[in-house]
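Novice: Model the following, please.
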Amino acid sequence: MSVIFDESNMQNRLGEYVPEGETLIAGIHVVNKELHLFRYYQNCVPKDDKLYRLDDVEPKVLQVTKGKFATDDLYIGITQNYFIVATCTPNTKFYYKFDFVDNSEPHELESTENFLNRDGIAPSIDLRDIGHIFKLSDIVKGEFKKGMFGSVKCDLEFRDKSTFKLLFPKKAGLGNGMPHHEEYREKIITALTR
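Specialist: Numbers count the residues shown, from 1 in each chain. Reported below is the predicted structural model:
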């Protein structure tokens with residue numbers, strides 16, 4: 001059986017992003033069709049595969065767009081207050097786009113307090129660590145349609161304009177690696193419906 005269809009692997013991957021004080025209620029394997037995630041950082045610049053915080057530059061808001069058009073596998077889950085996204089394997093590739101945006105527009109800025117000073121140059125964060133956690137209360141659209149063979153198509157949009165086009169399979173893989181898939185799928189659909 002593929003490690004992708006292993007419930008303990010899924011719980012470990014999602015567990016990396018569960019906020020403190022929250023508990024993973026349900027998690028499933030889905031097929032990602034397309035995603036566009038947006039995050040906003042003050043006084044940061046991109047270089048290589050990291051964002052660096054630079055306190056001595058003119059205050060600017062950096063919009064980071066993280067996206068994927070190719071079909072691939074994802075894990076999604078819910079806690080009491082959050083929607084969590086994790087790749088099934090750690091080396092999944094995304095595209096990134098960076099734009100400085102108008103400071104006068106309202107943006108929910110991401111905290112840079114947790115940037116790690118791993119390289120001794122400037123506090124930084126890996127781009128792959130961006131865009132895994134969304135507030136359930138920020139969902140502005142959660143639409144579900146029947147797909148083929150019992151699957152469910154999901155279109156999600158969040159207040160920050162992040163969007164997901166996902167396919168929820170009826171069952172997850174072969175064998176019994178994800179015995180709670182159907183039960184958890186229903187819990188997630190209920191939580192995301194808007």
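Novice: Buried residues, stretch 162-169. List them.
Specialist: For stretch 162-169, burial by neighbour count (16 or more other Cβ atoms under 10 Å) applies to 162, 163, 164, 165, 166, 168, 169. C-betas here are computed from N, CA, C, even on glycine.
Novice: now the helices for the protein?
Specialist: 7-15, 181-192 (DSSP state H).
Novice: And those: which comes nearest residue 135?
Specialist: Proximity to residue 135 (Cβ to Cβ) singles out helix 181-192 among the helices of the chain, at 11.8 Å.
Novice: and the closest one, average pLDDT?
Specialist: The average pLDDT within helix 181-192 is 95.
Novice: what's the model's confidence in stretch 154-169, averaged?
Specialist: For stretch 154-169, mean pLDDT rounds to 95.
Novice: what's the burial count for the residue lying closest to residue 189 once chain neighbours are set aside?
Specialist: Using Cβ to Cβ, 6 or more residues apart in numbering and skipping the chain neighbours, the partner closest in space to residue 189 is residue 144 (5.9 Å). Neighbour count for residue 144, taken as other Cβ atoms under 10 Å: 15.
Novice: what do you get for the one 10 residues further on?
Specialist: Neighbourhood size, residue 154 [other Cβ under 10 Å]: 22.
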